[in-house]
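> Sequence and computational prediction follow.
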Amino acid sequence: MRILHSSDWHLGRSFHRVGMLEHQATYVDHLLDVVASEAVDLVVVAGDVYDRALPHVDAVRLADEALARLAASRARVVLTSGNHDSAQRLGFGSRLFDAAGVHVRTDASSVGTPILLEDAHGPVAVHGIPYLDPQALHEPWNLPARTHEAALAEAMRRVRDDLAARPARSVVLAHAFVAGGLPSDSERDISVGGVSVVSSDLFEGITYTALGHLHGRAVLDDGLRYSGSPLAYSFSEARHTKGSWLVDLGADGVAATTFVEAPVPRRLSVLSGELETLLSDPALRTAESEWVQATLTDPVRPDRPMERLRARFPHALVLSFAPAGEPAHAVVAQPARGRTDHQVALDFVHAMRGAPASDDESSLLQQACDGCTEDPDADVLLVSSGGSG
């Protein structure tokens with residue numbers, strides 16, 4: 001049996017306010033091409049189909065198109081909900097989808113009931129475990145603790161009870177932070193009581209476990225892998241290679257694995273340096289067509305930095321400042337009492353920018369301060385009256 005392991009589509013998500021739906025549609029096209037060209041028998045999607053519980057109508061339309069095309073393909077499909085999905089909304093119509101060979105598993109009560117498939121070597125039991133909320137399941141499942149470890153351990157107990165009754169190779173989908181995976185900035189925190197990580201030992205003995213939640217691909221064991229998200233959703237993923245795992249199941253286990261790279265809509269560049277250097281360095285030519293995150297190290301904050309940066313890097317999206325050395329005014333530490341609002345505002349500008357306000361800026365700040373009081377003459381000094389105002 002040939003399996004294509006994907007996860008974390010996050011349909012409807014944007015990248016620093018840049019819409020990604022067109023690029024996500026391109027990934028769906030790629031996925032269907034791989035199913036056909038690689039003769040895939042089973043597509044598994046391990047959670048976070050949508051980016052939010054109430055997805056935009058265009059994201060729902062793309063998901064509908066993707067599932068319809070997969071249903072018409074040669075492959076069967078098993079798809080589970082993640083922590084970003086609404087289990088009820090994603091799971092709507094799941095019993096009807098089963099008849100089309102698209103098996104959507106979002107209900108915790110279904111854990112332990114497999115989708116049974118066959119290949120030349122015999123039966124394969126596919127167990128789709130949706131994202132499990134330890135708080136919600138603590139009482140219904142009589143968990144010993146309100147932790148992800150406890151919830152997933154109970155889920156795997158139910159899976160193993162089923163597998164003990166049937167001689168079959170096993171495939172499990174799970175949406176969790178499993179020890180050994182590497183997080184990025186684009187995953188939503190799922191920690192409960194400060195703990196989100198679960199042990200990889202929970203999946204011991206499973207032929208192949210398709211993990212979702214973390215956005216970087218990872219191999220925790222030959223039969224225990226994260227596919228990662230198909231697109232980068234934060235600059236912390238600039239060095240990631242995105243795609244899906246192609247997994248061949250043999251008679252006794254995983255026979256072969258190949259990572260199939262996904263199309264890249266636009267590469268990411270993380271730049272750091274003084275503004276004039278970034279604008280003139282010929283080594284940064286490739287970044288001119290990429291999405292850019294820039295950190296400026298100028299000791300004094302430059303004038304119109306993003307506008308000037310985009311003159312060379314039109315796809316610059318994120319700008320931050322980390323002045324080299326110690327800035328002259330790191331914090332506004334002086335007490336406000338005894339100084340005018342205007343003086344406090346000037347000190348703030350100096351502290352934030354590393355250089356004093358210009359005469360025009362000072363005049364504008366004075367007008368703003370005057371505009372915040374009915375009597376400008378009353379706003380001479382910030383002095384405590386000693387009373388209880």
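That came through, no problem.
> Who does R2 form a beta bridge with?
D248 (DSSP bridges).
> check which helix or strand covers the nearest residue to G12 once chain neighbours are set aside.
Spatial nearest neighbour of G12, chain neighbours left out: A59 (3.2 Å); criterion: C-beta to C-beta, 6 or more residues apart in numbering. Any C-beta I mention is one placed from the backbone N, CA and C, and that applies to glycine too. Using DSSP states H and E, A59 maps to helix 57-71.
> Now do A316 against R308, distance only.
The gap separating A316 from R308 is 10 Å, by C-beta to C-beta, to the nearest Å.
> Outline the domain layout of this protein.
2-261, 268-325, 326-389 (automatic domain parsing).
> and among those domains, the most buried is which?
Mean neighbour count (mean count of other C-beta atoms under 10 Å) peaks for domain 2-261 among the domains of the chain, with a mean of 19.
> Just the C-alphas of the least confident helix or strand in the chain by mean pLDDT, formatted as PDB.
Across the helices and strands of the chain, mean confidence by mean pLDDT, DSSP states H and E is lowest for helix 341-353: a mean of 79. Extracted in PDB, the C-alpha atoms of helix 341-353 (Å, rounded to 0.1, in the frame of the first residue of the first chain):
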ATOM      1  CA  ASP A 341       3.600  66.500  28.200                       C
ATOM      2  CA  HIS A 342       5.600  67.800  25.300                       C
ATOM      3  CA  GLN A 343       8.900  67.100  27.100                       C
ATOM      4  CA  VAL A 344       7.700  63.500  27.900                       C
ATOM      5  CA  ALA A 345       6.800  63.000  24.300                       C
ATOM      6  CA  LEU A 346      10.100  64.300  23.000                       C
ATOM      7  CA  ASP A 347      12.000  62.000  25.400                       C
ATOM      8  CA  PHE A 348       9.900  59.000  24.200                       C
ATOM      9  CA  VAL A 349      10.800  59.800  20.600                       C
ATOM     10  CA  HIS A 350      14.500  60.100  21.500                       C
ATOM     11  CA  ALA A 351      14.400  56.800  23.400                       C
ATOM     12  CA  MET A 352      12.600  54.800  20.700                       C
ATOM     13  CA  ARG A 353      14.500  56.200  17.700                       C
END
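> Can you check what angle separates the helix or strand just after it from helix 341-353?
The element immediately downstream of helix 341-353 (helix or strand, assigned by DSSP H and E) is helix 359-371. Put simply, helix 359-371 runs at 130 degrees to helix 341-353, going by axes from the mean of the first three to the mean of the last three C-alpha atoms, to 10 degrees.
> What mean pLDDT does helix 359-371 get?
What helix 359-371 shows for mean pLDDT is 85.
> Now do it: which elements does it pack against?
Judged by 3 or more C-beta pairs under 8 Å, 6 or more residues apart in numbering; DSSP states H and E, the packing partners of helix 359-371 are helix 341-353.
> I'd like the distance from the helix it packs on to the chain centre, please.
Counting by C-alpha atoms, centre = their mean, to the nearest Å, helix 341-353 is centred 37 Å from the centre of its parent chain.
> which secondary structure elements does that helix contact?
Short answer (3+ C-beta pairs under 8 Å, 6+ apart): helix 341-353 packs on helix 359-371.
> CA atoms only: put the helix it packs on into PDB for me.
Provided in PDB are the C-alpha atoms of helix 359-371 (Å, rounded to 0.1, in the frame of the first residue of the first chain):
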ATOM      1  CA  ASP A 359      11.900  70.900  14.900                       C
ATOM      2  CA  ASP A 360       9.000  70.000  12.700                       C
ATOM      3  CA  GLU A 361       8.300  66.900  14.600                       C
ATOM      4  CA  SER A 362       8.600  68.800  17.900                       C
ATOM      5  CA  SER A 363       6.100  71.300  16.700                       C
ATOM      6  CA  LEU A 364       3.700  68.600  15.600                       C
ATOM      7  CA  LEU A 365       4.000  66.900  19.000                       C
ATOM      8  CA  GLN A 366       3.300  70.200  20.700                       C
ATOM      9  CA  GLN A 367       0.100  70.600  18.700                       C
ATOM     10  CA  ALA A 368      -0.900  67.100  19.600                       C
ATOM     11  CA  CYS A 369      -0.400  67.700  23.300                       C
ATOM     12  CA  ASP A 370      -2.300  71.000  23.100                       C
ATOM     13  CA  GLY A 371      -5.100  69.200  21.300                       C
END
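> now the helix holding A59, how far from the centre of its chain.
20 Å.
> So what are the sheet partners of the helix or strand following that helix and their directions?
Following helix 57-71 in sequence order, the next helix or strand is strand 76-80 (DSSP H and E). Here strand 76-80 is paired, per DSSP bridges, with strand 42-46 (parallel), strand 102-105 (parallel).
> Torsion angles phi and psi at the closest residue to W141 other than its chain neighbours?
Spatial nearest neighbour of W141, chain neighbours left out: E154 (5.2 Å); criterion: C-beta to C-beta, 6+ apart. Note on E154: backbone dihedrals following degrees, to the nearest 10 are phi -70, psi -40.
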